[in-house]
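J.: have a look; sequence and predicted model below, questions after that.
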Amino acid sequence: MTEHMYIPTRLVIGRGCVKEYAKELSGFGAKALLVTGKSSAEKSGALADMKEALRKGGISWEIFNEVEANPTLETCVKGGQLAKKCGADFVIAIGGGSPMDAAKAIAVFATNEIAPMDIFKADFKTQPLPLICVPLTAGTGSEVTPYSILTVHEIKNKQSFAHPANFSRLAFLDPEYLKSMTRETLLDTVADALSHAIESILCKRSTKVSEVYAEAALRRLSSVIPGVIAGKPDYEMLLLASSLAGMAISHTGTVIVHSMGYMLTYYKDVPHGRANALLLPGFIRLCEKHVPDALQKVLDATGKENAEALCDMVKGLTAQPCSLSFDEAAEFASKAIKAKNVSQNLWALTEAEEADIFAAL
């Protein structure tokens, strides 16, 4: 089997990196659309730093701050319309996974006259606007992935699209910005990064190359998760681990934990990373049963002696519980089993197994 690695994003990592490398923005154009959530960009200080950097470069900007958690397709269409109206040359996403994923879709709608649902065909006549990312959480890794995951009310679920042009051209990783996160957000997003690295290894698409990134992410995450739980997070290490996990899933994608988690997010309003944390133990136990050799790679990278020890680490990141009725578990499984990433599972997963994972929450 051939293997490949394509990560075109230039990462700049360190405190004060936006101000220090402000000149890097000048090559992207004369006007930027800043895509943010309601308040995190401002609270973190990242928005002020980016405005100062743009001002120094003589670049004007417009702000689109309407991105909600789990961004909707409608919001992205609206953002794309604003990008067209204001004549943006490039897009800057400042936030967690939601603003970054939304910005990828906004960049597409800004340059393509397509029906909203056609974005999921990922066949664009015109290249999207260039994207720059400034992550404010250490979890999604969206700054180094080609994926955009959106809430689509038409199908009552989340749906993703991937395209090489979705990769950000430049990403600024400043650990200072993460200090404004709430404890719950920190736990949820770290759980997401952990899930990315675990799922990447436990996937049919896993390769020797992708495993290098996934295992590197797991080693770092397992070393700093105790500090996260104790309230003493190493933000710089978390940012690096999140990006490494993102590099891994850029080439493997995720498996059933993510597609099952979308059910909890859409129907139960459980934050994405927390949904993953709730479902991971059930998935890990099934891997121990069906693919113990593959799971051993995860155990080795995390330094855990067995599956239950790994599950205990995951449970420490679960901010709040969630429970489902028997009927809800069955209904969610009947929908999640149809997800495209089920085909990448390492064994022939059954609907009953998914129902059992849901029911065990």
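T.: All right, it came through fine. The model shown is predicted, which means the values in this text are computed figures rather than measured ones.
J.: nearest the geometric middle of this protein, what residue?
T.: What sits nearest the mean C-alpha location of the chain, by CA atoms, centre = their mean, is residue 140, with 2.6 Å.
J.: got a list of what that residue touches?
T.: 96-97, 100-101, 189, 192-193, 242, 246 (CB atoms under 8 Å, 6 or more residues apart in numbering). Any C-beta I mention is one placed from the backbone N, CA and C, and that applies to glycine too.
J.: so it is in which element?
T.: Assigned by DSSP states H and E, residue 140 belongs to neither a helix nor a strand.
J.: that one and residue 42, how far apart?
T.: 20 Å (CB to CB, to the nearest Å).
J.: one step back: for residue 196, see how far away the residue nearest to the centre of the chain is.
T.: Residue 140 is 8 Å from residue 196, by CB to CB.
J.: now swap in residue 223 and tell me
T.: For residue 223, the distance to residue 196 - CB to CB - is 17 Å.
J.: would you agree residue 168 is in contact with residue 144?
T.: Yes. Counting by CB atoms under 8 Å, residue 144 is a contact partner of residue 168 at 7.4 Å.
J.: touching both of these two, which residues are there?
T.: Residues touching both residue 168 and residue 144 by CB under 8 Å, 6+ apart: residue 9.
J.: ok, and for stretch 207-222, which residues are buried?
T.: By 16 or more other CB atoms under 10 Å, the buried positions in stretch 207-222 come out as 207, 210-211, 213-222.
J.: likewise stretch 164-182?
T.: For stretch 164-182, a neighbour-count test (16+ other CB under 10 Å) marks 165-178, 180-181 as buried.
J.: where along the stretch 1-150 of the chain do the helices fall?
T.: According to DSSP state H, counting those that start in this stretch, the stretch 1-150 of the chain carries its helices in the segments 17-20, 40-44, 46-56, 73-86, 97-109.
J.: dump these into TSV; add mean pLDDT as well.
T.: Formatted as TSV, those follow (pLDDT from 0 to 100):
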stretch	mean pLDDT
helix 17-20	96
helix 40-44	97
helix 46-56	97
helix 73-86	98
helix 97-109	98
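J.: most packed of these?
T.: When the helices of the stretch 1-150 of the chain are scored by mean count of other CB atoms under 10 Å, the highest mean neighbour count falls to helix 97-109 (a mean of 29).
J.: low-confidence ranges in the stretch 251-361 of the chain?
T.: Along the stretch 251-361 of the chain, the model assigns pLDDT under 70 to no residue.
J.: tell me the one of the buried residues of stretch 164-182 nearest residue 331?
T.: The nearest member of the buried residues of stretch 164-182 to residue 331, counting by CB to CB, is residue 166 at 31.8 Å.
J.: how close does the closest one sit to residue 35?
T.: As judged by CB to CB, residue 166 and residue 35 stand 14 Å apart.
J.: related to what we said a few turns ago, list residues touching both of residue 140 and residue 196?
T.: In contact with both residue 140 and residue 196: residue 246, using CB under 8 Å, 6+ apart.
J.: what is the nearest of the buried residues of stretch 164-182 to residue 255?
T.: Closest approach between the buried residues of stretch 164-182 and residue 255, by CB to CB: residue 166, at 20.5 Å.
J.: could you say what helices and strands the longest helix seen in the chain packs with?
T.: Longest helix in the chain, counting residues (DSSP state H): helix 208-229. Packed against helix 208-229 by the contact rule (3 or more CB pairs under 8 Å, 6 or more residues apart in numbering; DSSP states H and E) you find helix 183-201, helix 235-252, helix 292-302.
J.: make it 10 Å
T.: With contacts defined as 3 or more CB pairs under 10 Å, 6 or more residues apart in numbering; DSSP states H and E, the packing partners of helix 208-229 are helix 183-201, helix 235-252, helix 292-302, helix 307-315.
J.: columns mean neighbour count and distance to residue 50 on top of these, output as a markdown table?
T.: Listed next are those as a markdown table, based on neighbours: other CB atoms under 10 Å; distance: least, CB to CB, whole Å:
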| stretch | mean neighbour count | distance to residue 50 |
| --- | --- | --- |
| helix 183-201 | 26 | 20 |
| helix 235-252 | 25 | 17 |
| helix 292-302 | 17 | 35 |
| helix 307-315 | 17 | 34 |
